[in-house]
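Asker: fold the following and give me the result.
(2 chains)
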Number of protein chains: 2
Amino acid sequence: MINQQYKDMLGAKSVIRELSEYATARGKEIGYENVFDFSLGNPSVEVPKEFTEEMIRLLETENTMTLHGYTPSLGNQLYKEKIAESLNKRFGMNYGPEHIFPTTGAAGAISHAVRAVTKPGDEMIAFAPFFPEYRPYINGAGVELKIVPADTETFQINFDKFEEMLTDKVMAVLVNTPNNPSGVAYGKATLEKLSSILKEKSKEYGHTIFLISDEPYREIVFEGADSPYVSKFYDNTLSCYSFSKSLSLPGERIGYVAVNPACEGSDIIVPMCGQISRGTGHNCPPSIIQQAVAKVCHMTADLSVYETNMNIIYSTLKELGFTVVKPDGTFYIMPKALEEDSVAFCKKAKDYDLIFVPADGFGAPGYFRMAYCIDTDKVKRAMDRLRQFVGEVYKA
Amino acid sequence: MINQQYKDMLGAKSVIRELSEYATARGKEIGYENVFDFSLGNPSVEVPKEFTEEMIRLLETENTMTLHGYTPSLGNQLYKEKIAESLNKRFGMNYGPEHIFPTTGAAGAISHAVRAVTKPGDEMIAFAPFFPEYRPYINGAGVELKIVPADTETFQINFDKFEEMLTDKVMAVLVNTPNNPSGVAYGKATLEKLSSILKEKSKEYGHTIFLISDEPYREIVFEGADSPYVSKFYDNTLSCYSFSKSLSLPGERIGYVAVNPACEGSDIIVPMCGQISRGTGHNCPPSIIQQAVAKVCHMTADLSVYETNMNIIYSTLKELGFTVVKPDGTFYIMPKALEEDSVAFCKKAKDYDLIFVPADGFGAPGYFRMAYCIDTDKVKRAMDRLRQFVGEVYKA
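Answerer: Below is the predicted model of the structure:
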């Protein structure tokens, strides 16, 4: 019989996708340049030319059977070596290739990491505000996700609530820094406190509480931000990465899990991920993409536009009286709406062709998310429109 | 805690992979040209040059953000249109793009198809001999797999056993034709009888029994073979395909599920697959590969070497007195070993540097599998070695 669970999921359309579809349709009506679409987190900067050159070189020179053949089931060796090398150099880690499991983006990485360190019936904790897709990733492994309410002052961690919720049923904790949707990064003090609680509770409960760190925005960090490497603070960390944002390659589905060499089971977690793949039909990321990214994994696209955009938006929001925490990175910002109901606020903004996403689904009711991976020129024009909207609707 | 289920799976090494690793190590000792490695089903023919040309054209001319950006969550539209068009033209079907769900190879396709039409606790049936990875694919969805013993005369379906085992707990049946490991295709008579039983039992039990058809070898069919398109015989069919073999692209992880337009739920199964992906972290196959394959999906690599090899091997096996059914396609053949214990037989063959895989793991004890995706010259030399082996060990 048709599976009722997945059938039922069809009803619940993604708010982001609906807004993005609306923006596209509206763009056809009035010209896309006149729709200020802050809905989707789709990178807006060119892929580094070195990636394209390496792809062409591989296609022109390599034997097609080697180039497009099966990769080893635990991934391309060069890709794993280059990633370990790059992480070690930048963050003072000591990964070997045996600690790196190539995945189809961060989605694949999180799905593997969760299955490796939990079993169906366990609980996991994540912190609001959070990326809503964590629910299917985690529920798909049969694990229950509990959300710690946001610390809306700073969007760091609400530690009081966290300690209350961290029962002995919790086998893993998921963090995302720099954060989608708030743009805020967890600073040194936050990570130290998190680590100390996890160590204490692991000891108290007699089992390791693993930390799964989702960090696709790790390379998009703004001037002066305090955004250290999570795994440095806690040995039992599985870092989940995607090149979607740093190399602008979201469609090519390429990322990895990096298992801290000092993590419990660090010698078996990567081979276990190979076994997990068999049950989800996931297999390795594409062979040619692994090989090309091996060559450029230490680089990033030119990500400076995101900081430029953030500064323009942040100062406009402050000027207009919004409550907002300044982002440390990513291409998101999450201000408080100008009325309690952020859905109503976003609906009114839509009448001005400003497409914002209510942050209720991210666990931050009353806030809204703006994804500013768009042209700076358009951001500037959008700020004029925002002034007009706020002036006419909220200050009239 | 480290997940015990996946940890336990680490103990059970794949027989095929172990043999393949042995062959590689042995090749380093005595030269790879002297090891007759029939263990792995890795395509041995060049990728069509049109694919490489299209990849380079895309890289040289397309905007990198479009080329490598997120595909729509149900896949690239052109890829889906071209596949529907190609299937309709070749098999007289009437698929629309809305019936095609792009996946990371057949592994991804089967994982989605199984989850779409079963729920945890259900049963599925497959037929021996069968590809051993079906177990993790199906068990990974929480579904129990029952295996109908082989009809060793013809390697068609053992219908008496099938009817006995087809209880009302069985929600789907999985077929693989042309078959890995036997090389045999299900003929028209087999598919008609299968269809008639599935219709009858669906009616009797009051629920649809779906047919999941795994057909990565569909394009490798030999002269005179009776190998029709499965979905033509039974409306409630989900066809799972991979371009791994037909285009020699196994590492690029590209395939699809094609839902028969007359199938129950044909309007929702593809969107449901999109929901299933969220829980497994699978997402779409790589964007650039979808776009390039859209251009060449009606083509195949030059697959003729497989038939050439098969004829050489089949006639040698017959000459040496082996019991063997002539393959209709694929690049496998599955003869009966010359002693009851095929593991012992393969071990003795290994002493002659002939690497064969015992078919016990494929549900055909006493048989062994040869994967002949290797150079014809090497096949010929391997036949001399086989003559020597059989002469010295079994006819001395």
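
Asker: hey, let's count contacts and neighbours off CA atoms from now on
Answerer: Fine.

Asker: what ranges does chain A have for its strands?
Answerer: Defined through DSSP state E, the strands belonging to chain A, from first to last, are A:36-37, A:100-103, A:123-127, A:144-148, A:170-176, A:210-214, A:237-242, A:255-259, A:332-333, A:354-355, A:357-358, A:368-371.

Asker: can you put these in TSV and add distance to chain B, mean neighbour count and mean pLDDT?
Answerer: Formatted as TSV, these follow (distance: least, C-alpha to the nearest C-alpha, whole Å; neighbours: other C-alpha atoms under 10 Å in any protein chain shown; pLDDT from 0 to 100):
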stretch	distance to chain B	mean neighbour count	mean pLDDT
strand A:36-37	17	26	96
strand A:100-103	9	30	97
strand A:123-127	11	23	98
strand A:144-148	13	19	98
strand A:170-176	6	24	98
strand A:210-214	8	26	98
strand A:237-242	12	28	98
strand A:255-259	12	29	98
strand A:332-333	18	26	98
strand A:354-355	20	25	97
strand A:357-358	19	28	96
strand A:368-371	15	26	98
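
Asker: which one of these lies nearest to B:K119?
Answerer: Nearest of the strands of chain A to B:K119, taken as C-alpha to C-alpha: strand A:144-148 at 18.7 Å.

Asker: may I see the strands of chain A organised as TSV, with distance to A:S111 added?
Answerer: Output for the strands of chain A, formatted as TSV (distance: least, C-alpha to C-alpha, whole Å):
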stretch	distance to A:S111
strand A:36-37	30
strand A:100-103	10
strand A:123-127	13
strand A:144-148	13
strand A:170-176	12
strand A:210-214	10
strand A:237-242	10
strand A:255-259	10
strand A:332-333	24
strand A:354-355	31
strand A:357-358	26
strand A:368-371	25
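
Asker: wait, which of those strands is closest to B:I355?
Answerer: With respect to B:I355, and counting by C-alpha to C-alpha, the nearest of the strands of chain A is strand A:100-103 at 29.6 Å.

Asker: mind giving me the packing neighbours of the closest one?
Answerer: In this structure, strand A:100-103 packs against helix A:77-91, strand A:255-259, helix A:269-280, with contacts taken as 3 or more C-alpha pairs under 8 Å, 6 or more residues apart in numbering or on different chains; DSSP states H and E.

Asker: tell me the most buried of those?
Answerer: With neighbours defined as mean count of other C-alpha atoms under 10 Å in any protein chain shown, the helices and strands packed on strand A:100-103 peak in mean count at strand A:255-259, which reaches a mean of 29.

Asker: report how many residues lie close to the nearest residue to A:I2 once chain neighbours are set aside.
Answerer: Here the nearest residue to A:I2 in space, its sequence neighbours aside, is B:V117; by C-alpha to C-alpha, 6 or more residues apart in numbering or on different chains that works out to 4.4 Å. As a burial measure, B:V117 scores 25 neighbours (other C-alpha atoms under 10 Å in any protein chain shown).

Asker: in the helix or strand bottoming out on mean pLDDT in chain A, which residues are buried?
Answerer: Least confident helix or strand, chain A: helix A:4-9 with a mean of 86, by mean pLDDT, DSSP states H and E. When neighbours are counted by 16 or more other C-alpha atoms under 10 Å in any protein chain shown, the buried residues of helix A:4-9 are found to be A:6-7.
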